[in-house]
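S.K.: Kindly return the folded structure for what I paste below:
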Amino acid sequence: MEKKQINLDIEEAAQGFAAIGSEARLVVLLTLVKAGRAGLSVGDIQTRTGMAASTLAHHLRFLTSAGLIRQEKAGRTVMNHAAYGHLEALAGYILKECCADEPCRSSDARRAEEVE
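M.R.: As a prediction, the model looks like this:
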């Protein structure tokens, strides 16, 4: 399966970072990341996080609108999945301009300096 490259603009990146700027939402997102590609039902997330149903629903809406998770209905159950492509793009967004103002050096040279 070919991975689709996701390029975020600054507004999308800011929305994503804002969404994970809440401790509770970060807990929900990490719970889904740990669960893997199969995802979790709302009830399973509630069990693992201990959040009240109404609070969890609020955080799931926020994370979904930021594109960090996706939801799909499976019968009467709503399955929640981490949006790995979007998460990778968000993680890379902050580092893509790494050292852009420095004289040209290979990334291997920069990494070697960081280890020292």
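S.K.: so where is this structure shaky, pLDDT-wise?
M.R.: For the chain, the stretches with pLDDT under 70 are 1-5, 104-116.
S.K.: tell me the residue furthest from the middle of it?
M.R.: Pro103 (31.9 Å; Cα atoms, centre = their mean).
S.K.: Three-state assignment for that residue, please.
M.R.: When classified by DSSP: H, G, I helix; E, B strand; the rest coil, Pro103 comes out as coil.
S.K.: Same check on Ala13?
M.R.: helix.
S.K.: In which helix or strand does the spatially most central residue of the chain reside?
M.R.: Taking Cα atoms, centre = their mean, the centroid of the chain lies closest to Leu87, which sits 3.6 Å from it. Assessed by DSSP states H and E, Leu87 sits inside helix 84-93.
S.K.: buried ones in that helix?
M.R.: Judged by neighbour count (16 or more other Cβ atoms under 10 Å), helix 84-93 contains these buried residues: His86, Leu87, Ala89, Leu90, Tyr93. To be clear about C-beta, it is placed using only N, CA and C from the backbone, and glycine gets the same treatment.
S.K.: ditto for stretch 40-51
M.R.: Leu40, Val42, Asp44, Ile45, Gln46, Thr49, Met51.
S.K.: Since that was my last question, I'll sign off now.
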